[in-house]
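S.K.: what's the 3D shape of this:
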Amino acid sequence: MRGAALLGALVAALACPVPAAAQEGTAVQTGQGRGAVLRTLDRVSGDVIDVEMALGQTMAYGPLQVTLHECRYPSSNPSGDAFALLQVVDAGSVEELFAGWMVASAPALSALDHRRYDVWVLSCLQP
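M.R.: Model prediction:
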C-alpha cells in the first residue's frame, strides 16, 4: 500500500508542472531586466558569441532576426536564473521559427529548432 501511495504522489507531481511552493500560494516575485545576454552558436563554423540586447532590440544572426521582448529574473536571486521572451524569424522565408519564453536554467525546455543556429538566454541585464 505504501508503494502505491508513493507512486500516486510521484504521478501527481509529474502531472503538475507548477513548483510545490507556487501550489501552496507562495508566488515567486520577479524583477524586470533592462535587457538580456544571449548566447549564439553557429553549428557549421563552431562560432559561439555572447550578445547583450536591450528590450525591444532586434539582432540579425545569419538569416535569423532575433527580437528580445522581455527579460525577467527571480527578485530574491537576480543572477540565479533568467526568463526571456524572444521571437526568432527567418528573414529569408519570413517564417517565425520561435516565439515564447526561454529559461536560462533549462535551455532545452523551450528551444529554437534550427538546423544550423542555436540561440539561448544566459542572464538578464540588471537595471
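
S.K.: I'd like to check which residues are in contact with the residue most central in space within the chain.
M.R.: Central residue of the chain (CA atoms, centre = their mean): residue 102, 1.4 Å from the mean position. By CB atoms under 8 Å, 6 or more residues apart in numbering, the residues touching residue 102 are 83-84, 86, 110-111, 120-121. All C-beta atoms are positioned from the backbone trio N, CA, C, and that covers glycine.

S.K.: Over to residue 79?
M.R.: By CB under 8 Å, 6+ apart, the contact set of residue 79 is 73, 123.

S.K.: neighbouring contacts of the longest strand seen in the chain?
M.R.: Identified as the longest strand of the chain according to DSSP state E is strand 64-74. Contacts with strand 64-74, where a contact means CB under 8 Å, 6+ apart, come from 28-36, 38, 53-60, 79-91, 97, 114, 117, 119, 121, 123-125.

S.K.: Of the residues you listed, keep whichever come out buried.
M.R.: Neighbour counting with 16 or more other CB atoms under 10 Å marks 30, 33, 35-36, 38, 53, 55, 59, 81-86, 88-89, 97, 114, 117, 119, 121, 123-125 as buried within the contacts of strand 64-74.

S.K.: Next, residue 76: secondary structure please.
M.R.: coil (DSSP: H, G, I helix; E, B strand; the rest coil).

S.K.: contact partners of the helix or strand containing residue 38?
M.R.: Element membership for residue 38 (DSSP states H and E) is strand 35-42. Strand 35-42 is contacted from outside by 47-55, 57, 59, 61-62, 66, 68, 71, 82, 84, 86, 116-125, using CB under 8 Å, 6+ apart.
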